[in-house]
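S.K.: coordinates only, no sequence provided:
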């Protein structure tokens, strides 16, 4: 660990850490303050240690997490006039539903680090509209010890499994070197023409020079074309493999990763692959070439004239200073632009998905106005980035122009003084000066781009450094008996959230038929997610076929399960493809048989294209009942050993529901259903009610009569304890 950090002798800096999940602003604030006080942690490491649910974190839970990180905390309520007395940095409650880090307070206003936007400044009048007055102060406690729990995102993680690109890189480098050699020779043409051919009036030499350099131009153009093609091939290969690795990892992330993030934000993060690809294909090679070229051109400049060379170098150093001075602002504005664009994209995707709902509510104008506000934020953020870039270009153009004027003036004075500097040498020196300046500034700008690349790597790190839920390689032993046992299972979504389920015990034998009922929000769907391995118990154990559930066994278990979930979706494609789950070896006989069993075959045959009919986006062309029966057919096509339905017949008419309930009753497999309606409940061998965070058995071992079920359905369920 860094000694300065250990002894706290170094200058403390408060980083800006952006939240990735929809409700982790509090955790992001703790990550920022932890880094300020010496912990080498990042948000991903804190997220894995202190899970936060979609409900977010309360002030009390933040105090609990801070205590485990070695901080002493004090929650206070202050008036705006007392803000200068607050121990900074501190966590401030913002807009009644958000947390930010209060960085500094002056008589004119405040500066905050907003996990949703970044660095922001407000006047006191503006701050009064957002601050609620609740502040959480944090200071090192006596037990504070610096932690190292950071999961850095390295560029090598994206290409670590790439193959076949070594020769492409070597080819591009060789061609680039050849092109630069040609570029160094070209300025000599003017010097030879002026100092030799024209001075001696030698037409033959002039012709030879023209023919020689003409041939060099043709060779140079050819090499440029070949290099461009090689670079294009390398770029496409790189993009394919990086994106492929990223999407492969993304699809294997835990289910809650997708539940806690907006679709638009995930898509925006995938978009960060393009800048990384450009940095590797063009930036890395360009940096090497520019560095070599600048070094060689610099030596050549000193060979011509030390005084003139120093003037050129001073100009480049001034431009470097301008770039470094504007870099922090440029980086901050680019981060804000990326975040603003992601928020706008998420809002637009959500709006398009809910187009029908908006029409029914008559809220198109309101939604449009919200989008316009987000679009204005995106536009303003882009303008802010452009302002920095234009300022940098303007200042550097002035410096470069003045440098050229001074070089020409000093060179002219040198010729007039008879110091042995020829006119041809001026032309040649100016060409090499241009080469040196361009290459040096290209090198500087590329190094800045590499620093800015951290913005995109940080966004990609949210995907890359999140642990996948399945191990690599083949799945474990096939689970095909359909026997599951839950032992003292407890579950809560967040570290500070109340328990949803507590001490649940359930033994489901092979071929069993179990029904689960209960009030809305009682934990039925959560229980099914536990049974599918989509989430994992906070306490207790789950056994599959007598073995403790592991990632490999969960993967195998899901291969043996047919599921119809509440939020199930159909995907764009034909009906037959959806029933087969896009099986690459689609069996049409099994598709038809599954459709018959799910009572949807007749509906499909009435479509013009029958089983080849397109279902539209997420099944938009089907009715609710048709969509649910197609989903049931998809579950049956798998020929499962375990069938799990979460309100799997809720959208069906009574006749179809009874027929499907009879079918399920006759199956010789393990069946687990969540239902409110009696068709499935009265056929089940065992019925349980989720009540007071536990499971309560209803009735005896025989199927319950319809009148009994009507008496017990629905049951009132005590609501979970509210979060503080």
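M.R.: Happy to help now that I have it. Bear in mind that the values here come from a model prediction, so they are computed numbers and not experimental data.

S.K.: can you pull the pLDDT of residue 10?
M.R.: Here the pLDDT value assigned to residue 10 is 48.

S.K.: just give me how far whichever strand or helix holds residue 371 sits from the chain centre.
M.R.: Assigned by DSSP states H and E, residue 371 belongs to helix 364-416. In terms of CA atoms, centre = their mean, to the nearest Å, the centre of helix 364-416 is found 29 Å from the chain centre.

S.K.: could you give the mean pLDDT of it?
M.R.: Per-residue scores along helix 364-416 average to 87.

S.K.: now for that helix, which elements pack on it?
M.R.: helix 306-353, helix 423-464 (3 or more CB pairs under 8 Å, 6 or more residues apart in numbering; DSSP states H and E). The C-beta positions use only the backbone N, C-alpha and C, and glycine is treated the same way.

S.K.: comparing those helices, which comes out most buried?
M.R.: Across the helices and strands packed on helix 364-416, the average number of neighbours (mean count of other CB atoms under 10 Å) peaks for helix 423-464, which reaches a mean of 20.

S.K.: could you give the angle of that one to helix 364-416?
M.R.: 150 degrees (axes from the mean of the first three to the mean of the last three CA atoms, to 10 degrees).

S.K.: renumber starting at 2 from here on
M.R.: I'll keep to 2 as the first residue from here, and by that count the last item is helix 424-465.

S.K.: next secondary structure element downstream of helix 424-465?
M.R.: Taking DSSP H and E, what comes next after helix 424-465 is strand 485-492.

S.K.: elements contacting whichever helix or strand comes after that following strand?
M.R.: With elements assigned by DSSP H and E, the helix or strand that comes after strand 485-492 is strand 502-509. Contact partners of strand 502-509 among helices and strands, from 3+ CB pairs under 8 Å, 6+ apart: strand 485-492, helix 525-533, strand 695-699.

S.K.: how about the ones you listed in JSON lines, adding mean neighbour count?
M.R.: Formatted as JSON lines, the helices and strands packed on strand 502-509 follow (neighbours: other CB atoms under 10 Å):
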{"stretch": "strand 485-492", "mean neighbour count": "19"}
{"stretch": "helix 525-533", "mean neighbour count": "21"}
{"stretch": "strand 695-699", "mean neighbour count": "16"}
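
S.K.: can I get the ones you listed in TSV including mean pLDDT and distance to residue 625?
M.R.: Formatted as TSV, the helices and strands packed on strand 502-509 follow (pLDDT from 0 to 100; distance: least, CB to CB, whole Å):
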stretch	mean pLDDT	distance to residue 625
strand 485-492	89	30
helix 525-533	87	18
strand 695-699	82	29
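
S.K.: so can I have a markdown table of the ones you listed showing distance to residue 125?
M.R.: Listed next are those as a markdown table, based on distance: least, CB to CB, whole Å:
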| stretch | distance to residue 125 |
| --- | --- |
| strand 485-492 | 45 |
| helix 525-533 | 45 |
| strand 695-699 | 52 |
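
S.K.: and of those, who's closest to residue 290?
M.R.: helix 525-533 (53.4 Å; CB to CB).

S.K.: how far off strand 695-699 does that closest one point, in degrees?
M.R.: Using the same axes, to 10 degrees: helix 525-533 against strand 695-699 is 100 degrees.

S.K.: tell me which residues of the helix or strand just after helix 525-533 come out buried.
M.R.: Toward the C-terminal end, the helix or strand that comes next after helix 525-533 (DSSP H and E) is strand 540-545. For strand 540-545, burial by neighbour count (16 or more other CB atoms under 10 Å) applies to 541, 543, 545.

S.K.: equivalent analysis for stretch 356-374, please.
M.R.: Quick answer for stretch 356-374 (16+ other CB under 10 Å): 359, 368.

S.K.: distance between the ends of it?
M.R.: 19 Å (CA to CA, to the nearest Å).

S.K.: that one: how far from the chain's middle?
M.R.: When C-alpha coordinates are averaged (CA atoms, centre = their mean), stretch 356-374 and its chain have centres 27 Å apart.

S.K.: quick one on the thing from earlier: make TSV from the helices and strands packed on helix 365-417 and add distance to residue 651 and mean pLDDT to it.
M.R.: Listed next are those as TSV, based on distance: least, CB to CB, whole Å; pLDDT from 0 to 100:
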stretch	distance to residue 651	mean pLDDT
helix 307-354	21	85
helix 424-465	34	79
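
S.K.: tell me which of these sits nearest to residue 418.
M.R.: helix 307-354 (11.8 Å).

S.K.: okay, the angle between that closest one and helix 365-417?
M.R.: 170 degrees.

S.K.: contacting residues around the helix or strand following helix 307-354?
M.R.: For helix 307-354, the following helix or strand on the C-terminal side (DSSP H and E) is helix 356-362. Residues outside helix 356-362 that contact it (CB atoms under 8 Å, 6 or more residues apart in numbering): 352, 365, 368.

S.K.: is it true that the first one touches residue 372?
M.R.: Yep, that's residue 352 we're talking about. Yes. Assessed by CB atoms under 8 Å, residue 352 is found in contact with residue 372 at 6.5 Å.

S.K.: if we can go back for a sec, CSV for the buried residues of strand 540-545, including distance to residue 64?
M.R.: Listed next are the buried residues of strand 540-545 as CSV, based on distance: CB to CB, whole Å:
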residue, distance to residue 64
541, 28
543, 33
545, 39
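
S.K.: so residue 521 is in which element?
M.R.: Going by DSSP H and E, residue 521 is not in any helix or strand.

S.K.: ignore what I typed, I meant residue 93.
M.R.: Using DSSP H and E, the element containing residue 93 is strand 91-95.

S.K.: can you count the residues close to residue 227?
M.R.: Residues near residue 227, counting by other CB atoms under 10 Å, number 15.

S.K.: and for residue 518?
M.R.: Here the count is done by other CB under 10 Å, and residue 518 has 27 residues near it.

S.K.: report the beta-bridge partners for it.
M.R.: With DSSP bridges applied, the residues forming beta bridges to residue 518 are residue 690.

S.K.: would you confirm that it contacts residue 675?
M.R.: Yes. Between residue 518 and residue 675 there is a contact under CB under 8 Å: 7.2 Å.
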